[in-house]
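Asks: turn this into a structure:
(one chain, ligands or ions: 1)
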Amino acid sequence: MSNSKKLFLRSKRVIPSGINSPVRYYDPYPFFVARSQGSSIWDVDGHRYLDFCNGYGALLLGHRRKEIISSVSAQLKKGTLYCAPTEIEVELSEMISKNFPSMHKVRLVNTGSEATMTAIRLARGFTKKKKIIKFEGCYHGAHDYVLVKAGSGAAHNGISISEGGLDEVSKNTLVVQYNNSQELASVLENEKDIAAVIVEPVLANMGLVLPEENFLNDIRRLTTENESLLIFDEVVTGFRMSTGGAQKYYSIKPDITTLGKALGNGFVIAAVGGRSDVMDMLSPEGKVYQASTYAGNPISVSAAISSMKTMNKYKTKIYPMLEKKCKSLVSSLRDIASDLQIPHQINSISSMFQIFFTEQTVVDYSSAKSSDQTKFRKLFNELLKNGIFVAPSQFETVFLSYAHSNEDIDKTIVAYEKALKTVKR
Ligand SMILES: Cc1ncc(COP(=O)(O)O)c(C=O)c1O
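Replies: Below you'll find the predicted structure:
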């Protein structure tokens, strides 16, 4: 029996379903990790995988990036948690604000879920309105405000509204189709109680779905006209699309932004920030409450400062190189799938892509759902056998990291070719 299997059986006895986040499970059991470095991850049976799951997008710079490891090591010697303010928190917030000029003020939190929960509460407190609008298939974390027709693991496991969630909460979350500005306009027209519209500017939790031309501009215009706030959930796109996120990429200024994942490049940190008048609603000066023991802890903050410094310093190399590698990988995959006459779509932008086994152009939740998931499962299993680790779900995205070499990309193309041949059978 493999070591992973042994660990899984042991794990199932003490951890529900044997894993600590549902997206990590796949049949018959996931590999258990021993260590990681650069573009690779090793399991407890000694197999090496090229990692394209990359912490669901967090590891933009790859595993154990040297600058980050050394600043965290230095901070470890000075302390791990003070629960009193530090200069480095101020420095990090200044850096975030500089990279994201719409984020006049920033609160550091731990997870993307905390960031979106705070953003929504802030929007309600500021506008004195009750409801929010989200888009079908967008995932903003695992709390009741947003766990309505969500993507990611919720879509994968067919959970539209979680049991245990309160109807009183979810009925205040209205859902509109992604890329459907007309539907958004009509909901905003009919509902006068909308505090905010929250959106993933590029939807990375339904596979990858790109915003159609004008969609994001339409949301900005419609929210302003209706005196609702616009929340850009940039937990994935934040540092992935540029050092100033999707908002810089598309030149749109949201009222509130949430960041996470690549902010810490493998360390636990997230942020919520936005207009000063909105952010000043936060307690203790304001009356919107938010708090956390580990918020702004010096380990995560030192990791984030180092990540941001690295991303800023090498941005003219990192982003064009990632995009180039992603484009070349995707173009090879398109050729292979077309030669094999497999109906497919590949959506791609920056350093992200996903393949869907469908004839339909994938622009929203229902077109993403039209993809043949049995084929995707086959693809995933074969990729794994060939040393490529992508997220084990159709409703996730494949992420490249700066640590992927040209050789890694070549190996990946070969593995996809083998895997797609199996899908064809
Ligand atoms: C766009 C987006 N927002 C929020 C979250 C929640 O972040 P976390 O898992 O850190 O709570 C995620 C997680 O995948 C996400 O993709």
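Asks: so how far is stretch 158-166 off the chain centroid?
Replies: How far stretch 158-166 lies from its chain's middle: 21 Å, per C-alpha atoms, centre = their mean, to the nearest Å.
Asks: check the separation of the first and last residues in it.
Replies: 18 Å (C-alpha to C-alpha, to the nearest Å).
Asks: who touches that stretch?
Replies: For stretch 158-166, contacts defined as C-beta atoms under 8 Å, 6 or more residues apart in numbering pick out Asp144, Leu147, Val148, Lys149, Ala150, Ala154, Ser170. Every C-beta, even on glycine, is put in place using the N, C-alpha and C of the backbone.
Asks: for Gln290, see how far away the fifth one is.
Replies: If you measure Ala150 against Gln290 using C-beta to C-beta, to the nearest Å, the figure is 22 Å.
Asks: more crowded one of the two?
Replies: Each of Ala150 and Gln290 has its neighbours counted (other C-beta atoms under 10 Å); Ala150 has more, 28 against 19.
Asks: OK, contacts around the more buried one?
Replies: Here Ala150 is in contact with Gly137, Cys138, Tyr139, His140, Ile159, Asn205 (C-beta under 8 Å, 6+ apart).
Asks: rerun that using 6 Å as the cut-off
Replies: Tyr139 (C-beta atoms under 6 Å, 6 or more residues apart in numbering).
Asks: give me the neighbour count for the residue of the chain at minimum distance from the ligand.
Replies: Proximity to the ligand, evaluated over the chain using C-beta to the nearest ligand atom, is greatest for Gly112 at 2.2 Å. Neighbour count of Gly112, defined by other C-beta under 10 Å: 27.
Asks: ok, now the one 5 residues further on?
Replies: Look at Met117: counted by other C-beta under 10 Å, it has 22 neighbours.
Asks: over to Thr412?
Replies: Look at Thr412: counted by other C-beta under 10 Å, it has 25 neighbours.
Asks: which residues touch it?
Replies: The neighbourhood of Thr412, defined by C-beta under 6 Å, 6+ apart, consists of Ile388.
Asks: got the CA positions of stretch 119-126 in CSV?
Replies: What follows is stretch 119-126, C-alpha atoms only, in CSV (Å, rounded to 0.1, in the frame of the first residue of the first chain):
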residue,chain,number,x,y,z
ALA,A,119,-15.7,44.1,2.4
ILE,A,120,-19.4,43.2,2.3
ARG,A,121,-20.1,44.2,5.8
LEU,A,122,-18.3,47.5,5.1
ALA,A,123,-20.4,48.1,2.0
ARG,A,124,-23.6,47.5,4.1
GLY,A,125,-22.4,49.8,6.9
PHE,A,126,-21.4,52.5,4.5
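Asks: residues in the stretch 101-250 of the chain within reach of the ligand, list them.
Replies: Applying C-beta under 6 Å from any ligand atom, one finds that the stretch 101-250 of the chain approaches the ligand through 111-113, 116, 139-141, 152, 200, 205, 233, 235-236.
Asks: and these, which two are furthest apart?
Replies: Based on C-beta to C-beta, the longest span within those runs between Thr111 and Glu200 and measures 15.8 Å.
Asks: those two: who's more crowded?
Replies: Neighbour comparison, Thr111 and Glu200: the larger count goes to Glu200, with 26 against 19 (by other C-beta under 10 Å).
Asks: A helix includes Tyr26, no?
Replies: No. Using DSSP: H, G, I helix; E, B strand; the rest coil, the assignment for Tyr26 is coil, not a helix.
Asks: how many neighbours does it have?
Replies: Neighbour count of Tyr26, defined by other C-beta under 10 Å: 17.
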